[in-house]
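**Student:** after the sequence you'll find the predicted model.
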Protein chains: 2
Amino acid sequence: MRSLILPAGAFRALAHHISDFTADYLEKLPNLPSYPPGVSGQQTQALFTGDLPLEGIGAAAFADLERVFNYARPSSPRFFGYVFGSGEPISALGDFAAGVLNQNATAWRSAPAGVTIERTVVRWLAEAIGCAGFSGSLTLGGSSANLMALCMAREAKAPANQSGVRGGVIYCSAEAHMSIAKAAALLGLGHDSVRKIAVDEAFRMRTKDLRAAIERDLREGKQPIAIVGSAGTTATGSIDPLDEVADLCAEFGLWMHVDGAYGALAALAIPDAFRGMNRADSLSLDPHKWLYQPAGVGCLLYRNPADAQRAFSHTGDYARSLTNDPIEGFAIFEESMELSRPFRALKLWMSLRYFGLRAFQHSIAEDLELAQVLARAIDAEPHLERLAPVALSAVCFRFKDSNGDLDVLNQAILQRVTQRGRVYLSNAVIHSQFVLRACIVNHRTTEDDVREIVAEVLAAAGEVQA
Amino acid sequence: MRSLILPAGAFRALAHHISDFTADYLEKLPNLPSYPPGVSGQQTQALFTGDLPLEGIGAAAFADLERVFNYARPSSPRFFGYVFGSGEPISALGDFAAGVLNQNATAWRSAPAGVTIERTVVRWLAEAIGCAGFSGSLTLGGSSANLMALCMAREAKAPANQSGVRGGVIYCSAEAHMSIAKAAALLGLGHDSVRKIAVDEAFRMRTKDLRAAIERDLREGKQPIAIVGSAGTTATGSIDPLDEVADLCAEFGLWMHVDGAYGALAALAIPDAFRGMNRADSLSLDPHKWLYQPAGVGCLLYRNPADAQRAFSHTGDYARSLTNDPIEGFAIFEESMELSRPFRALKLWMSLRYFGLRAFQHSIAEDLELAQVLARAIDAEPHLERLAPVALSAVCFRFKDSNGDLDVLNQAILQRVTQRGRVYLSNAVIHSQFVLRACIVNHRTTEDDVREIVAEVLAAAGEVQA
């Protein structure tokens, strides 16, 4: 018997144990604090930094899960931080099955069911947001999808795979996600190659400024590559004028990428807000955001698989396929920067089929409506002010009733809100001002939960001013 | 009640159902075929490409898991393809718990326990392979770890993040993994910037040729950046002379990266074979290979976190931390190309503590010994010939007893072996010849399983020649 083989029955017993443990946890979840009370770095260091275990402790390793869960940020109905999905638990069961099955979902021959299901799920996602006909693959998240998209854009417009980069310019709005500049740096184009175009009063890219920037670069002999339109900026959820972006891409022969990591899935509920999105060459969306999947599943869609192959096909001999069959010979790694990759599609496949798309549509519509409820509650409260329109589900506001430095005060309020543990907010900068930010991409949130945001901020403000 | 909220008790019942389903599967696993019998692309298309489900089917979605499992490649004790771990199931339970917990393991504040455990597990891995003091992070796999390492190398030796790439050369052996050239392309250096140095009779990089290539580039005004030493080449498991690579890096001021995706973890069992590895600036290793974890967990180690920060720190306002505490302010995304990322460390934490490091050490030693058993069995069989020394656990061989084209014959044999479904092999090219390749990184494999390889290849050869 080999050293890592479990005794008969051990897996079954432990799986049932974790089933009850996680089910108990999910039952408690709505009433848990939105952040572990009093957690500190010293405390987590003391609890989770033991020595390398030479000898096993067997099932005792499972007893410690309690502590891990107690010092984790819960997927509370009152979590409104960043843009992060709420972890629909059917998906977690899909991940459990995928872990046991242990597929390398990199090519049909390595995972016949897995790769077929991934292609199906990607097709479903494309159809769901009005981009029928697009193909693509699941990714780690939005940052890697954006990186891959810009790599495809570079290879299409200013090829560098063979001989290296010789310049190229990328356009996005000043509100675009930091992953765009990070991708430009990684791809060897450099931060200096990113033109951050000014936004209008609703935080949408000004296309007049965009046109002027492209024309200036052309006059200076630079090589424009791509325009990135945001379908849901991180701070305010604004949607760039995608139809105008598409027109400019057509006019100047540029690649159109839509960063829809936050917002694109809202096209399930409000498709009209995303007009022009389906004219993109590539598009990122994040099932682990607004499809409520557990962390670790983004998606890149593209119009033409040949663009992905041009960017990513570098097959070594040991991985070469022996078949010419278009299905059996299909390898995702020829269209992706990923090689070994888990069977991420299973959780989506389970979750979408269990609930049906309409339930997701309905949930996204509820999130959108809850954001409007919050906006109205803030507008009705004289101590607070809202600093941006609410295009999707991110609401930016601050406590304004003070003669002191509002940035300092609101930072203190945010820390106090987190410590109080009732709601979890994050922050943003709007017009150079520090603001509180609530983002609702949470299938558990109710109207009561949202109304607590105002109450908690006022209570925290009272405490820090006392 | 919101549309994606499960009825009371539903999660618990389904979790117990999957527990039994997966436990039953794992009990059958040793006796399953090593590849789904008769599976075809047409068949998987018919089974797994339905229409986008508008209405949910509830628990019926779980009944279909049976089909998904039946058309997946099992993690059989007789799977010897590529370099792919065997999926230790305690890890799968860790992934299950992580999915329910749904942490964004990107910064301490988003996942206090999760990020602390990841840093601990990374430290354990470094210690286990003789690189105590290195830090790093978990990655999707070896390809992304290699990409991040070369991005760090580029930024350290020929900075490009700000102003773009202005050239730079990377050295590796002709046997290096395809992800090195793919990374050079993605980073904007280009394939032309990769010098593939010839190997010796044991498929190790010839350091004399390496020195000559560096000197030639310097004479021509090129900018050498990094040398990549392979700690386990994909085809033959050869280990480059890492001490000599380190000497050359020191002499010429180059970055030393070790691609240990396949082999580095074998340092648990045979540390002497990896002398010089701990002199690297960065090092990739893959727990989902030789630590038997389910797909989706690699690791990048590095000597100096400042190198990672220089390459990857581009924080946007919305993600900026409000604390100066070194633990609570720690953000993995400042040292990684990843932003949102799952709590991958939990499976490793569970698995390492359940079994203890010694059990892994022992299992790796058993794999190494089984490869020698296979090599001896091939050498003793007159119809077969072995084409490379066995440094780790990859064995390259072919059927040689024919007057026909041996490449064509061995391709037919490989396809027939897969169809027979008893063992799963993959292929490689050695000295321009097509060879069969068995790689043993499998905690379930026994000596009987390995002996079947020879029997199956001979049986398949008989069938294709008949």
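**Tutor:** In hand now; what should we look at?
**Student:** in chain A, which helix is the longest?
**Tutor:** helix A:357-379 (DSSP state H).
**Student:** just the buried residues of that one, please?
**Tutor:** A:357, A:359-364, A:366-368, A:370-371, A:374-375, A:377-378 (16 or more other Cβ atoms under 10 Å in any protein chain shown). To be clear about C-beta, it is placed using only N, CA and C from the backbone, and glycine gets the same treatment.
**Student:** go back to these and keep what's next to chain B.
**Tutor:** The subset of the buried residues of helix A:357-379 within reach of chain B, by Cβ under 8 Å from any Cβ of the partner chain, is A:357, A:359-360, A:362-363, A:366.
**Student:** as TSV, the residues you listed with pLDDT would be great.
**Tutor:** Listed next are these as TSV, based on pLDDT from 0 to 100:
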residue	pLDDT
A:Leu357	98
A:Ala359	98
A:Phe360	98
A:His362	98
A:Ser363	98
A:Glu366	98
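**Student:** about what we covered before: give me the contacts around the following helix or strand past the longest helix of chain A.
**Tutor:** As assigned by DSSP states H and E, the chain's next helix or strand after helix A:357-379 is strand A:384-386. Here strand A:384-386 makes contact (Cβ atoms under 8 Å, 6 or more residues apart in numbering or on different chains) with A:375, A:378-379, A:395-400, A:454, A:457-458.
**Student:** and stretch A:57-74, by the same measure?
**Tutor:** Residues outside stretch A:57-74 that contact it (Cβ under 8 Å, 6+ apart): A:10, A:14, A:17-18, A:21, A:25, A:29, A:32-36, A:39, A:43-44, A:47-48, A:79, A:424, B:90, B:93, B:97, B:101, B:103, B:110-114, B:117, B:346, B:349-350, B:353-354, B:356.
**Student:** so which bits of it are buried?
**Tutor:** Quick answer for stretch A:57-74 (16+ other Cβ under 10 Å): A:58, A:61-62, A:64-65, A:68-74.
**Student:** and for stretch A:290-309?
**Tutor:** Here stretch A:290-309 shows A:290-303, A:307-308 as buried, counting by 16+ other Cβ under 10 Å.
**Student:** what about it, near chain B?
**Tutor:** Yes: applying Cβ under 8 Å from any Cβ, one finds stretch A:290-309 touching chain B at A:292, A:294-296, A:298.
**Student:** any idea of the mean pLDDT for that stretch?
**Tutor:** Stretch A:290-309 shows a mean pLDDT of 97.
**Student:** now do the same end-to-end measure for that stretch.
**Tutor:** 28 Å (Cα to Cα, to the nearest Å).
**Student:** same check on stretch A:398-417?
**Tutor:** Across its full length, stretch A:398-417 reaches 13 Å between end residues, using Cα to Cα.
**Student:** hmm, who's touching it?
**Tutor:** If you take Cβ under 8 Å, 6+ apart as the criterion, stretch A:398-417 is touched by A:382-385, A:387, A:423-427, A:433-436, A:456-458, A:460-461, A:463-465, B:322.
**Student:** so where is chain A shaky, pLDDT-wise?
**Tutor:** Across chain A, the ranges flagged by pLDDT under 70 are A:315-322.
**Student:** could you list the domains of it?
**Tutor:** Here the domain parsing of chain A from automatic domain parsing is A:1-31+A:36-72, A:103-355, A:358-465.
**Student:** quick check: which of those is buried the most?
**Tutor:** Counting by mean count of other Cβ atoms under 10 Å in any protein chain shown, domain A:103-355 has the highest mean neighbour count of these, with a mean of 23.
**Student:** what is the end-to-end distance of it?
**Tutor:** 25 Å.
**Student:** stretch A:432-443 too?
**Tutor:** Terminal residues of stretch A:432-443 are spaced 32 Å apart (Cα to Cα).
**Student:** which ones are touching the residue in the stretch 251-400 of chain A that chain B sits nearest to?
**Tutor:** Residue of the stretch 251-400 of chain A nearest chain B, by Cβ to the nearest Cβ: A:Ile327 (2.8 Å). Counting by Cβ under 8 Å, 6+ apart, A:Ile327 makes contact with A:108, A:116, B:41-42, B:44-45.
**Student:** now render those residues as a markdown table, adding secondary structure and distance to A:Ala198.
**Tutor:** Shown next, in a markdown table, are those (DSSP: H, G, I helix; E, B strand; the rest coil; distance: Cβ to Cβ, whole Å):
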| residue | secondary structure | distance to A:Ala198 |
| --- | --- | --- |
| A:Trp108 | helix | 47 |
| A:Thr116 | helix | 45 |
| B:Gly41 | helix | 50 |
| B:Gln42 | helix | 53 |
| B:Thr44 | helix | 50 |
| B:Gln45 | helix | 48 |
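**Student:** max pairwise distance over those residues: which two?
**Tutor:** Using Cβ to Cβ, the two most remote members of the contacts of A:Ile327 are A:Trp108 and B:Gln42, lying 11.7 Å apart.
**Student:** which strand or helix spans whichever residue of the stretch 101-250 of chain A sits closest to chain B?
**Tutor:** Chain B sits closest to A:Gly188 of the stretch 101-250 of chain A, with a gap of 1.9 Å, by Cβ to the nearest Cβ. For A:Gly188, there is no host helix or strand (DSSP H and E).
**Student:** that one touches B:Leu189, doesn't it?
**Tutor:** Yes: contact criterion Cβ atoms under 8 Å: A:Gly188 and B:Leu189 qualify, at 6.7 Å.
**Student:** tell me the residues that contact both of those two, please.
**Tutor:** Contacts common to A:Gly188 and B:Leu189, judged by Cβ under 8 Å, 6+ apart, are A:164-165, B:154, B:165.
**Student:** just name whatever secondary elements the helix or strand hosting A:Asp247 is in contact with.
**Tutor:** Here A:Asp247, judged by DSSP H and E, is contained in helix A:242-252. The contact analysis (3 or more Cβ pairs under 8 Å, 6 or more residues apart in numbering or on different chains; DSSP states H and E) places helix A:242-252 against helix A:207-219, strand A:224-230, strand A:255-260.
**Student:** just the residues of stretch A:290-309 next to chain B: which are in strands?
**Tutor:** Using DSSP state E, the members of the residues of stretch A:290-309 next to chain B that fall within strands are A:Gly298.
**Student:** any chance of a markdown table for the residues of stretch A:290-309 next to chain B, columns distance to A:Ser313?
**Tutor:** Below are the residues of stretch A:290-309 next to chain B laid out as a markdown table (distance: Cβ to Cβ, whole Å):
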| residue | distance to A:Ser313 |
| --- | --- |
| A:Tyr292 | 34 |
| A:Pro294 | 31 |
| A:Ala295 | 29 |
| A:Gly296 | 25 |
| A:Gly298 | 21 |
